[in-house]
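Undergrad: Okay, structure incoming, though there's no sequence with it:
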């Protein structure tokens, strides 16, 4: 069997990620590959650290991209900071809190779960109670922006509570970075991981992480070896560390790093505040359109992420058929529900490069068309005008 | 501080990897990103499996790329096949056998080391002796092509010995795949991992793996959970498995996979035997040139990998200065020694797209020039002619 080159269709990506990639990033990824110890590459790595420090709003020296997707970034945080026998408080309000639990348990530690309804923010009072009940807990983990529901939690307050009880904090910022404020130093987040394929508009495959002084100290003074050789920061730091001599640990994904570098240069050119404001404005426009159609949001407005809009499936609608039709007729991808939300919601992303008026209008027009053809109970003819009133 | 777009120099990569990337692959990586659950992407994943089965010469259903570099592929093999308390025989004849030991120990198992000199193949008799002394060993791990020295081991014989003692086999084929025969089914290799940035001429960042029936059975009947959530094949198979329904595990590195797909299409177009013959011929030409210069190979001819040529540093030569000069004057990268070989050898790669007459001639001419200027004790003026006699 002879297989030919793969030529993907041109989609508009408005699911929970990957999001639309800026063509500048695709072009950057196709630049000539150089060696992972080439002095020119090493200076690019230094720039990458500075750019990530900017994106994360941190001075943390250990700020770098893990050579794997967001779930590898998550695991890097847990395997380095958790030791067997530890107690870790894990706040869960969606799918990704459940993954944190898996990570904790696979490190031989105990996860104490703080459960909140899916689609709501983490309740700080429940965290406080859990820490009082478990004074032995050394670590608190929570998701800043739940990709499975679109709920945003109050990271600064959660971190404060954890620190008051002498626990360090691991935060998931996969979907928030670049789309809403992520202030690692101001919020005193000890360890954070993110992804490239959400509001940074880069291709998937890397996971930016950052670790503060206290987290580093804990890693340096572990009683046991980190269970993963690939993710052991004591070793990775030999390559990504700021010393002049870089020791080979693994072969860095050179061209993927070109792409992330370009994505961060683009973010720097726009400015963080400007990027956050753009995401907020596009969300307002999409929201106006959805509400004019009669679609309902899953997350209360005060706890909602602008870049990930979870809406309930209208009654009687075959949600998978709608997504298939959008893909077929409009080359438009929106996301299904995940886990407990499967079959109940759609997730519409407005992330990074994709957070623009054209995408808002495309989505509203296409969804209205497809739902109308399927005779769904929606209001017709008002969505685009409602969005345009916000977009001006 | 404003950071600009990164524009790498155009190098010729003749180190131990990354190797020169075929421009078709760079172009493929810059194609539009689509979703990791897009039906078009899922059919590309099926093609990817077929192409990797071809490259590995296997019918194994579980054949796929791990979403991380070679060291993540290595760890995927170990964390899935090793359980705490196991005994694993690890053959070491270079740096990467040492990593295998680290992997075994971090899984809570005991590594019994079979040591051979760096620069030599693994001695099958020593493996046999170790298995007799350790009848409890359930697993044997060895490196087919030692990237740190350029030595090739007799994988088929080593696997036979392991199976005779009821042990399964993990093989490192990072540097061999695409450059010399790797016959997973014929050799009965139970688990294998490779890399993309060597003889497949792709960018770094992915690790093709393949697991046979017996390895799969062992994974399915583990007494303990795999310690890595990210690498747990029981979960990864839900996404890469051959069923119609793909469950989300992690977001696949879409564009990197486009690149690997193209690399494998190119390999299929050329044919495996033709690719192996080309690597062998380019090695003969480079060898003729090196020998005409008076440079000595580290590995005896019968155990030598054609695609990775380790040569001893001529006496009195500052090896790092030579590499720096080659990079500066010729944009040519060759590799330093690693681990115990550091400062003693150079590693010259002729891998994939880079295994061509132009690179052979560039390397010989440049090295002769730089070494001459440094007054190294080499023969001058004969290298290129010697290579040309092979190249015809």
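TA: Perfect, I can see it now. Only a predicted model underlies this, so the values are computations on that prediction, with no experimental measurement involved.

Undergrad: Can you name the element that comes right after the one helix or strand residue A:289 maps to?
TA: Taking DSSP states H and E as the criterion, residue A:289 maps to helix A:272-293. Using DSSP H and E, the helix or strand that follows helix A:272-293 in sequence is strand A:308-312.

Undergrad: That next one vs chain B: in contact?
TA: No - Strand A:308-312 lies out of reach of chain B by Cβ under 8 Å from any Cβ of the partner chain, never closer than 14.1 Å. No exception for glycine: its C-beta is placed from N, CA and C like everyone else's.

Undergrad: and the helix or strand just after that strand, what other elements does it pack with?
TA: The first helix or strand that comes after strand A:308-312 along the chain, using DSSP H and E, is helix A:319-330. Taking 3 or more Cβ pairs under 8 Å, 6 or more residues apart in numbering or on different chains; DSSP states H and E as contact, the helices and strands that helix A:319-330 lies on are strand A:332-336, strand A:345-349, helix A:357-373.

Undergrad: Out of the ones you listed, which is the most enclosed?
TA: strand A:345-349 (a mean of 26; mean count of other Cβ atoms under 10 Å in any protein chain shown).

Undergrad: which neighbours does it have in its sheet, and in what orientation?
TA: Sheet partners assigned to strand A:345-349 using DSSP bridges are listed as strand A:308-312 (antiparallel), strand A:332-336 (antiparallel).

Undergrad: I'd like a version of those in a markdown table, one that adds distance to residue B:274 as further columns.
TA: Below are the strands paired with strand A:345-349 laid out as a markdown table (distance: least, Cβ to Cβ, whole Å):
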| stretch | distance to residue B:274 |
| --- | --- |
| strand A:308-312 | 49 |
| strand A:332-336 | 40 |
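
Undergrad: will you turn the ones you listed into JSON lines that also has distance to residue B:164 and mean pLDDT?
TA: Below are the strands paired with strand A:345-349 laid out as JSON lines (distance: least, Cβ to Cβ, whole Å; pLDDT from 0 to 100):
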{"stretch": "strand A:308-312", "distance to residue B:164": "56", "mean pLDDT": "98"}
{"stretch": "strand A:332-336", "distance to residue B:164": "50", "mean pLDDT": "98"}
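
Undergrad: before we move on, back to that, could the helices and strands packed on helix A:319-330 be laid out in TSV, adding distance to residue B:167?
TA: Below are the helices and strands packed on helix A:319-330 laid out as TSV (distance: least, Cβ to Cβ, whole Å):
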stretch	distance to residue B:167
strand A:332-336	44
strand A:345-349	47
helix A:357-373	55
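
Undergrad: where does the stretch 101-250 of chain A come near chain B, residue by residue?
TA: Checking the stretch 101-250 of chain A against chain B by Cβ under 8 Å from any Cβ, the hits are A:102-103, A:105-107, A:195, A:197, A:203-205, A:225-230, A:248-250.

Undergrad: list the buried ones in the helix or strand harbouring residue A:236?
TA: Under the criterion of DSSP H and E, residue A:236 resides in helix A:233-240. For helix A:233-240, the neighbour count (16 or more other Cβ atoms under 10 Å in any protein chain shown) marks A:233, A:235, A:236, A:237, A:239, A:240 as buried.

Undergrad: what does stretch A:259-273 give?
TA: Those would be A:259, A:260, A:261, A:262, A:263, A:264, A:265, A:266, A:267, A:268, A:272, for stretch A:259-273 by 16+ other Cβ under 10 Å.

Undergrad: Just these: which are in helices?
TA: Here DSSP state H is the test, and the buried residues of stretch A:259-273 give A:259, A:260, A:261, A:262, A:263, A:264, A:265, A:266, A:267, A:268, A:272 as lying in helices.

Undergrad: Residue A:256 contacts residue B:203, correct?
TA: Yes - Residue A:256 is within contact range of residue B:203, at 7.4 Å (criterion: Cβ atoms under 8 Å).

Undergrad: residues bridging contact with the two, i.e. touching both?
TA: Taking Cβ atoms under 8 Å, 6 or more residues apart in numbering or on different chains as the criterion, residue A:256 and residue B:203 both touch residue B:256.

Undergrad: which phi and psi does the residue of the stretch 101-250 of chain A found nearest chain B have?
TA: Chain B sits closest to residue A:205 of the stretch 101-250 of chain A, with a gap of 3.0 Å, by Cβ to the nearest Cβ. Main-chain torsions, residue A:205, degrees, to the nearest 10: phi 130, psi -10.

Undergrad: on that earlier part again, which of the residues of the stretch 101-250 of chain A next to chain B fall in helices?
TA: A:102, A:103, A:105, A:106.

Undergrad: Residue A:131: neighbouring residues, count only.
TA: 20 (other Cβ atoms under 10 Å in any protein chain shown).

Undergrad: can you give me phi and psi for residue A:171?
TA: phi -120, psi 140.

Undergrad: by contact count, what packs against the helix holding residue A:289?
TA: strand A:308-312, helix A:357-373, helix A:383-391.

Undergrad: Flag every buried residue along it.
TA: So, applying 16+ other Cβ under 10 Å, buried residues of helix A:272-293: A:272, A:275-276, A:278-279, A:281-293.

Undergrad: what's the answer for stretch A:297-312, then?
TA: Quick answer for stretch A:297-312 (16+ other Cβ under 10 Å): A:297-299, A:303-312.

Undergrad: next one: stretch A:379-390
TA: Those would be A:382, A:383, A:384, A:386, A:387, A:388, A:390, for stretch A:379-390 by 16+ other Cβ under 10 Å.

Undergrad: Now do the contacts for the nearest residue to the third one once chain neighbours are set aside.
TA: So the one you mean is residue A:384. Excluding the flanking residues, the one nearest residue A:384 by Cβ to Cβ, 6 or more residues apart in numbering or on different chains is residue A:364, at 5.5 Å. Residues counted as contacts of residue A:364 (Cβ under 8 Å, 6+ apart) are A:286, A:289, A:290, A:293, A:383, A:384, A:387.

Undergrad: so what's residue A:236 up against?
TA: A:64, A:66, A:249.

Undergrad: Let me fix that, I meant to ask about residue A:287.
TA: Contacts of residue A:287 (Cβ under 8 Å, 6+ apart): A:297, A:309.

Undergrad: now do the one 4 residues further on
TA: In this structure, residue A:291 makes contact with residue A:386, judged by Cβ under 8 Å, 6+ apart.

Undergrad: Domain parsing of chain A, as residue ranges.
TA: Structural domains annotated on chain A: A:22-268, A:272-391, as defined by automatic domain parsing.

Undergrad: Buried deepest among the ones you listed, which one?
TA: The stretch of the domains of chain A with the highest mean neighbour count (mean count of other Cβ under 10 Å) is domain A:22-268, at a mean of 22.

Undergrad: circling back to that earlier point, in TSV: the buried residues of stretch A:259-273, plus pLDDT and distance to residue A:373.
TA: Shown next, in TSV, are these (pLDDT from 0 to 100; distance: Cβ to Cβ, whole Å):
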residue	pLDDT	distance to residue A:373
A:259	98	38
A:260	98	40
A:261	98	44
A:262	98	40
A:263	98	37
A:264	98	42
A:265	98	43
A:266	98	37
A:267	98	39
A:268	98	44
A:272	98	41
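
Undergrad: ok, of those, which one's closest to residue A:143?
TA: residue A:272 (20.8 Å; Cβ to Cβ).

Undergrad: pretty sure that closest one is touching residue A:57, no?
TA: Yes - using Cβ under 8 Å, residue A:272 is in contact with residue A:57, at 7.5 Å.

Undergrad: what stretches of chain A score poorly on pLDDT?
TA: A:242-244 (pLDDT under 70).

Undergrad: returning to that earlier point: for the residue of the stretch 101-250 of chain A closest to chain B, give me its contacts.
TA: Residue A:205 neighbours (Cβ under 8 Å, 6+ apart): A:68, A:69, A:196, A:197, A:253, A:256, B:67, B:205, B:253, B:254, B:255, B:256.

Undergrad: measure it to residue A:24 for me?
TA: 17 Å (Cβ to Cβ, to the nearest Å).

Undergrad: How about residue A:198?
TA: 17 Å.
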